[in-house]
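Student: structure for this input, please:
(chains A and B)
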Amino acid sequence: DAGVIQSPRHEVTEMGQEVTLRCKPISGHNSLFWYRQTMMRGLELLIYFNNNVPIDDSGMPEDRFSAKMPNASFSTLKIQPSEPRDSAVYFCASTGHYGQPQHFGDGTRLSIL
Amino acid sequence: RKEVEQDPGPFNVPEGATVAFNCTYSNSASQSFFWYRQDCRKEPKLLMSVYSSGNEDGRFTAQLNRASQYISLLIRDSKLSDSATYLCVVNPYFGAGTRLTVKP
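Tutor: Okay, here's the model as predicted:
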């Protein structure tokens, strides 16, 4: 079975550019999570969705970040405009029901120059 | 205040040693607890769930103390292949991770 699929795997772009990260959760999973991982701050929860509805976005750093889940099989995390401090690994994870263990994608390594 | 506090280590132990990791959490209403393992430049992967009664999986034992709001992971007879970062999870929040290196 396919796991959580994230794209792109790597992205390098200049500050000020718009960045869009994509995630396809495991089919049938109802909860989707976006995390950001850095050496300094560890794995931070940015936002999570239940049944495509954002439940908690308190971890979203600022208005430059936005996330959507238009349907059960697709989610995006957008940064506009991007800044060097946004450089991190961004993980998407999904689970069948909130409370069950999460399955992670391979992550997107983002570098903002 | 962080939702989950975890000692970042690092822990450097010889093969065969027993090592324990602990995490504390702030939300007493939390219901789901896990331990994940993360290898360098990889995604976190589920190691085991943590139940109130405690649970064991081979050399790994996880425990939950709801009264004191902490969870623990014990690794017995550590192997070189156990070297990784171990992350506690108080769903959906992750601890900072504890780096373990097992040496010959």
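Student: for the chain, which spans come out with low pLDDT?
Tutor: Because you didn't say which chain, this covers chain A. A:1 (pLDDT under 70).
Student: chain B was what I was after
Tutor: Using pLDDT under 70, the flagged stretches of chain B are B:1.
Student: how about the residues of it near chain A?
Tutor: Those residues of chain B that sit near chain A, judged by C-beta under 8 Å from any C-beta of the partner chain, are B:31-32, B:34, B:42-46, B:49, B:87, B:89, B:91-97. The way it works is simple: take the backbone N, C-alpha and C, and place the C-beta from them, glycine included.
Student: buried subset of these, written for PyMOL?
Tutor: To isolate the buried members of these in PyMOL, using 16 or more other C-beta atoms under 10 Å in any protein chain shown:
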select buried, chain B and resi 32+34+43+44+49+87+89+91+92+93+94+95+96+97
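Student: which residues touch the spatially most central residue of chain A?
Tutor: Here the mean C-alpha position of chain A is nearest to the C-alpha of A:Trp34 (C-alpha atoms, centre = their mean), at a distance of 3.4 Å. With contacts defined as C-beta atoms under 8 Å, 6 or more residues apart in numbering or on different chains, A:Trp34 is in contact with A:Cys23, A:Leu45, A:Leu46, A:Ile47, A:Tyr48, A:Ala67, A:Ser75, A:Leu77, A:Tyr90, A:Phe91, A:Cys92.
Student: so it versus B:Phe94, what's the distance?
Tutor: 13 Å (C-beta to C-beta, to the nearest Å).
Student: mind listing the strands for chain B?
Tutor: Listed in chain order, the strands of chain B (DSSP state E) span B:4-6, B:11-14, B:19-25, B:33-38, B:45-49, B:55-57, B:60-65, B:70-75, B:84-90, B:93-94, B:98-103.
Student: which one, of these, ends up nearest to A:Asn52?
Tutor: A:Asn52 sits nearest to strand B:93-94 of all the strands of chain B, at 21.9 Å, using C-beta to C-beta.
Student: can you list the strands that the closest one pairs with?
Tutor: Strand B:93-94 has the following strand partners under DSSP bridges: strand B:84-90 (antiparallel).
Student: got the angle for the strand it pairs with vs strand B:70-75?
Tutor: Using axes from the mean of the first three to the mean of the last three C-alpha atoms, to 10 degrees, the direction of strand B:84-90 lies 150 degrees away from that of strand B:70-75.
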